[in-house]
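Student: Below: sequence and its predicted model.
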Amino acid sequence: MPDKWMSVVEAAATLKVHTRTIERRIASGKIQARRTDDGLLQVLVTLPDEADTTPAVALEAVRELADNQVHLATGSASALVKFAQDDAHRAREELALVRQEAGRARRSAVVAWCVVAFVGVGVCVAVGWTTQKITRANEDVRHLSEYAERIEAEARQLKEQYHQERQRLLAERDSARQEAERARLEGAEASGRLAAYIEQHKYLLAQSGKGPTTRPMSLLERLASAFADVD
């Protein structure tokens, strides 16, 4: 029977077993193993002859299958025992935690009732003080409301007076504007009459043949002369 170096996968395929079986045989020393230069794991496999391949392989496969089943059963039982032990340990720890939490809860309840009692007393005191403050505040609000109504009435009265005074001032302003307009018209009319008197005086002087004097007449003399001629 020739021997040949193969990889773990090739050896498992050749022997028609699982790769885990090859790894267990390596660990137990049943199969020789080595590492190549590139780090690949190889095993030395004895190739069976063609004549006796089937019985030996079948027997080996049955033996490996039985070993696997026993190993799995043992591992499962160990795992179940370990899980049960872990669950029991966790249950004991949780029970201890629950007892601690219950003790803390009782102490917290006592403290809470004490706090509630103090808070109740504080609330009663606060309600009495607040009621007094609210009553005083209502009185202040009533006084302020009366004062505001009085100020508002005075403001309305002042507003009425201001409106009347404004109307009076506006009427006086309009009257003054009318008086100024009449004065302006009267001034323009007087200026026109004065100009007419002056022209008439010049015309009369020209008709009477009087020449100009050595001294020119002033404006007042001209006005007096004009009014005298008219009279």
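Tutor: Cool, got the structure. Numbering: from 1, shown residues only.
Student: Longest helix in the protein, please.
Tutor: Ranked by residue count, the top helix of the chain under DSSP state H comes out as helix 53-208.
Student: lowest-pLDDT helix or strand in this structure?
Tutor: Every helix and strand of the chain was ranked by mean pLDDT, DSSP states H and E. The lowest is helix 219-230, at a mean of 56.
Student: what is the mean pLDDT for the longest helix of the chain?
Tutor: For helix 53-208, the mean per-residue pLDDT is 82.
Student: Output the contacting helices and strands for that helix.
Tutor: helix 19-28, helix 219-230 (3 or more CB pairs under 8 Å, 6 or more residues apart in numbering; DSSP states H and E). For every residue, glycine as well, the C-beta is placed using N, CA and C.
Student: Run the angle between that helix and helix 19-28 for me.
Tutor: 110 degrees (axes from the mean of the first three to the mean of the last three CA atoms, to 10 degrees).
Student: Return the distance of helix 53-208 from the chain's centre.
Tutor: Helix 53-208 sits 13 Å away from the centroid of its parent chain (CA atoms, centre = their mean, to the nearest Å).
Student: you'd agree residue 36 is up against residue 42?
Tutor: Yes: counting by CB atoms under 8 Å, residue 36 touches residue 42, with 6.1 Å between them.
Student: more crowded one of those two?
Tutor: Between residue 36 and residue 42, counting by other CB atoms under 10 Å, residue 42 is the more crowded of the two (17 against 10).
Student: Check which helices and strands the host helix or strand of that one is in contact with.
Tutor: If you go by DSSP states H and E, residue 42 is part of strand 41-46. Under the contact criterion of 3+ CB pairs under 8 Å, 6+ apart, strand 41-46 touches strand 3-7, helix 8-15, helix 19-28, strand 33-35.
Student: Show me what the longest one is packed against.
Tutor: Identification of packing neighbours for helix 19-28 by 3+ CB pairs under 8 Å, 6+ apart yields helix 8-15, strand 41-46, helix 53-208.
Student: ditto for the last one
Tutor: For strand 33-35, the contact count by 3+ CB pairs under 8 Å, 6+ apart identifies strand 41-46 as packing neighbours.
Student: Give me the mean pLDDT for the strand it packs on.
Tutor: Averaging pLDDT along strand 41-46 gives 86.
Student: Report the buried residues of it.
Tutor: By neighbour count, with 16 or more other CB atoms under 10 Å as the criterion, the buried positions of strand 41-46 are 42-43, 45.
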